[in-house]
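Visitor: the sequence isn't on hand, but the structure is:
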């Protein structure tokens, strides 16, 4: 391609470029961040008109359906309507918000939510247009009345955040400010983007097609995934809570991986998430805003807020038993706190749990636990013991809920990133920055096993399959499966491009979820049973084919025998078939006969390169070389040489066959030359002369 036009004249950055939709009107419309709107003549390649009227950046332009009007929306909170015949402003519509997107509706468009009286059939009576901007609202306006005829909030269907501070208000604006706007095909709705790289699709509501509602929510980027957490047993693994490098907790549907809702409330980046056990859908998160929040993840509302840490809350954990209404937090302030959740237990399951003001949470116990940041917490299955992992390279055990010290586990050479209790044994596993996983006995407080295999920090570890296996992920981007009994790595999975921070387990290990610094969320299924079943089926099929091959060789059904041998892909077995075939030929010619030629002629196109590779392998050994030469001779008789030479990789294979064939001919020539010495020796001893005389006498026989 090449440049056909180049227009100069703008002083600022060009924000929008728009062609006139009618082919006969060769006009180009541009707008900039210095409030200029210009119309260019594409045929004469000159500036046709500069439209002055805005006092701020103009990021959106639109042409009316009939092509006679130009609409310009600016950040000065107005929309100007320009007549493209007179090139003058006809109407100004105040929108009371900084505009970022603007589209016009077709004159007869049955747009969802638009009153039927507002659907215009003629442009002369006004144009309906849609705007989006800083307020997070989708609005439909009429140029006839210069008023808004429909308003839909982009927050509709999403949870809202209480604006208790300027920081939270700024976070709300960044999350829900609408940036770009496009009309869906058929004018069935609109699609817009937000300031935090999300895409919102608005269309007819499923329950009420005449209304405009949020129908799809797409995530443009997830940034770093810090933690992931499956929902409780009641919802199974159909929902996944995702903590990314932002203030929001995203709830994804694991079937479609679509983001269904947000949990908004934190004012800074979050660190960890934990899901309560039992049949509840209570989620806890810790953040850099020094707070700890408890959510009703199903309804998307905040139930309670715990404030008291003086630094970031870097670790959270729930009690495992339904009757134990407490949670534990740890942070960069080296403190661990036990929080009373009895008030939330009263709210859970009641209408108040679906909305309302978050309840303040209070601590039951607190203690300065470590010398450096606390990275992870784990509560024992019986809720009696708490394990804390710290950057000070130690792991400590505490009695719950009093937080009385029980033991200090030392052995890691670097900071400890994660900890997990076994569901069946009195052991705890820890992962460290020294690239190792250690298994500790709770009774003695000693290291029982060390798992080595990661090449970087181990960031998350969990027990699966009733405590018989461990799964871990680390800064090397690997997910590893370990045997607790043998301390050996069973398998390694490499599907991430960066550190794997988050690991969630569902169904005792039947399903895993991982999230990492590459922004990816990977779901893993336990396919052990399927693989074992497939391996057993493959073994049975191989045994049946082997028996069929033996039957075909016994019946001297050589075409069937060769076909089965190729399917089994066993080179020695195929060699045996060809050897038996060559021996069964009339006259036992080394180069084979008509039967061999007929069998090789029935080979399929994709089997010919495979056959040449087998010949090359057989030809490297003196014992199997006769079979290789016989099959090669038969192959050359059954297929044209040009066809064989054109096969993929045939040139290299034939060169290798030629080299070893020359060696075999040299060896045979040396053997023939050696027989001449034997003849000379026997002749010198007159042994051959006596043998010839005896043979002549035997031929003449006794005289009659």
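Guide: Here it is on my side, so go on. Bear in mind the structure is a predicted one, so any value in this text is a computation, not a measurement.
Visitor: can you show me the helices along the protein?
Guide: Ranges of helices within the chain are 166-176, 342-347, 528-554, 558-568, 571-584, 594-601, 607-619, 625-638, 641-645, 650-684, 687-700, based on DSSP state H.
Visitor: now those as TSV including mean pLDDT?
Guide: Formatted as TSV, the helices of the chain follow (pLDDT from 0 to 100):
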stretch	mean pLDDT
helix 166-176	50
helix 342-347	72
helix 528-554	88
helix 558-568	89
helix 571-584	87
helix 594-601	86
helix 607-619	90
helix 625-638	88
helix 641-645	87
helix 650-684	85
helix 687-700	70
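Visitor: ok, which of the ones you listed comes nearest residue 269?
Guide: helix 166-176 (11.1 Å; C-beta to C-beta). Using the backbone N, CA and C atoms, a C-beta is placed for each residue, glycine as well.
Visitor: dump the helices of the chain to TSV, plus distance to residue 38 and mean neighbour count.
Guide: Converted to TSV, those look like this (distance: least, C-beta to C-beta, whole Å; neighbours: other C-beta atoms under 10 Å):
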stretch	distance to residue 38	mean neighbour count
helix 166-176	31	16
helix 342-347	59	16
helix 528-554	64	13
helix 558-568	72	20
helix 571-584	75	18
helix 594-601	76	18
helix 607-619	65	20
helix 625-638	75	20
helix 641-645	67	11
helix 650-684	64	12
helix 687-700	113	10
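Visitor: now distance to residue 477 too, for those helices, in CSV please.
Guide: Formatted as CSV, the helices of the chain follow (distance: least, C-beta to C-beta, whole Å):
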stretch, distance to residue 477
helix 166-176, 29
helix 342-347, 37
helix 528-554, 23
helix 558-568, 38
helix 571-584, 38
helix 594-601, 49
helix 607-619, 36
helix 625-638, 46
helix 641-645, 45
helix 650-684, 37
helix 687-700, 79
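Visitor: and residue 114, what is it in contact with?
Guide: 105, 128, 140, 149, 150 (C-beta atoms under 8 Å, 6 or more residues apart in numbering).
Visitor: repeat for residue 565
Guide: 549, 573, 574, 577.
Visitor: give the contact list for residue 151.
Guide: Counting by C-beta under 8 Å, 6+ apart, residue 151 touches 137, 138, 139, 140.
Visitor: ok, now with 7 Å
Guide: 137, 139 (C-beta atoms under 7 Å, 6 or more residues apart in numbering).
Visitor: beta partners for it?
Guide: Listed by DSSP bridges, the beta-bridge partners for residue 151 are residue 139.
Visitor: what pLDDT does it get?
Guide: At residue 151, the pLDDT value in this model is 86.
Visitor: same question, the one 5 residues further on
Guide: Residue 156 carries a pLDDT value of 55.
Visitor: before we move on, what about residue 306?
Guide: The predicted structure lists residue 306 with a pLDDT of 92.
Visitor: just residue 116 next, same as before
Guide: 60.
Visitor: OK, contacts around the residue nearest to residue 600 when sequence neighbours are not counted?
Guide: Closest residue to residue 600 apart from its sequence neighbours, by C-beta to C-beta, 6 or more residues apart in numbering: residue 638 at 4.2 Å. Remark: with contacts taken as C-beta under 7 Å, 6+ apart, residue 638 is in contact with 597, 600, 601.
Visitor: same question, residue 250
Guide: 242, 244, 259, 262.
Visitor: for the last one, which non-adjacent residue is closest in space?
Guide: It refers to residue 262. Nearest one to residue 262, counting by C-beta to C-beta, 6+ apart, is residue 248 at 4.9 Å.
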